[in-house]
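Novice: Okay, here's the prediction I keep looking at, along with the sequence it came from:
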Amino acid sequence: MSTDSNGSLESLLAGYPVVVTLPVQWGDQDAFRHVNNAIYFRWYESGRIAYNRRTGLMNPDPAVTTGPILAATSNNYRRQIAFPDTVHVGVRVATIGRTSLAFEHIIVSEALQAIAAEGSSTLVVFNYQTNRPQAVPDAIRHAIASLEGKSLESLTRSIAH
């Protein structure tokens, strides 16, 4: 994750091949007049969905029984965000396990020109018919490596998940 929390949008989002831009809605705020903590996870989800669509992991065909399931998610809040603002959600895959993908997320506030939050999540490739994890398909592995601009070996974990 990042250690420098201020800079240009481009520099803060460098290294994140998928970036989703979202407006902060008035209703995203809570009684303390900042964006409620749960909204950050929704923004991360929007970024992951965009990433997974780019790599082919999200297939809207109802006949396809395999897809991602969220196993874990975390967030570190750096700055408060309030309406009006626009956030840029960067997403990348840090590692590919046997059945899982480890994602890293960043939320950058346009108004603050700074990192507002950093998080991570683990997705498991899941067969919804058998209710069991399954190996990340080779086509998805290669699509991720291509999108990330990295070798498949550099993304693959030696630990089986």
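Specialist: Arrived safely, thanks for sending. Numbers count the residues shown, from 1 in each chain.

Novice: show me the contacts for Ile39.
Specialist: Asp28 (C-beta atoms under 8 Å, 6 or more residues apart in numbering). For every residue, glycine as well, the C-beta is placed using N, CA and C.

Novice: The helix or strand harbouring Gly119: which residues count as buried?
Specialist: Taking DSSP states H and E as the criterion, Gly119 maps to strand 114-127. Neighbour-count burial for strand 114-127, counted by 16 or more other C-beta atoms under 10 Å, picks out 114-126.

Novice: now swap in stretch 52-67 and tell me
Specialist: For stretch 52-67, by 16+ other C-beta under 10 Å, it's 52, 54-55, 57, 66-67.

Novice: Please flag which of those residues sit within helices.
Specialist: The helices, defined by DSSP state H, take in 52, 54-55 from the buried residues of stretch 52-67.

Novice: Roughly how far does Met58 sit from Val24?
Specialist: Met58 sits 25 Å away from Val24, going by C-beta to C-beta, to the nearest Å.

Novice: What helix or strand is the residue in the chain sticking out farthest from the centre located in?
Specialist: Ranked by distance from the centre of the chain (C-alpha atoms, centre = their mean), the top residue is Ala31, with 27.1 Å. For Ala31, there is no host helix or strand (DSSP H and E).

Novice: Cheers, nothing more for now.
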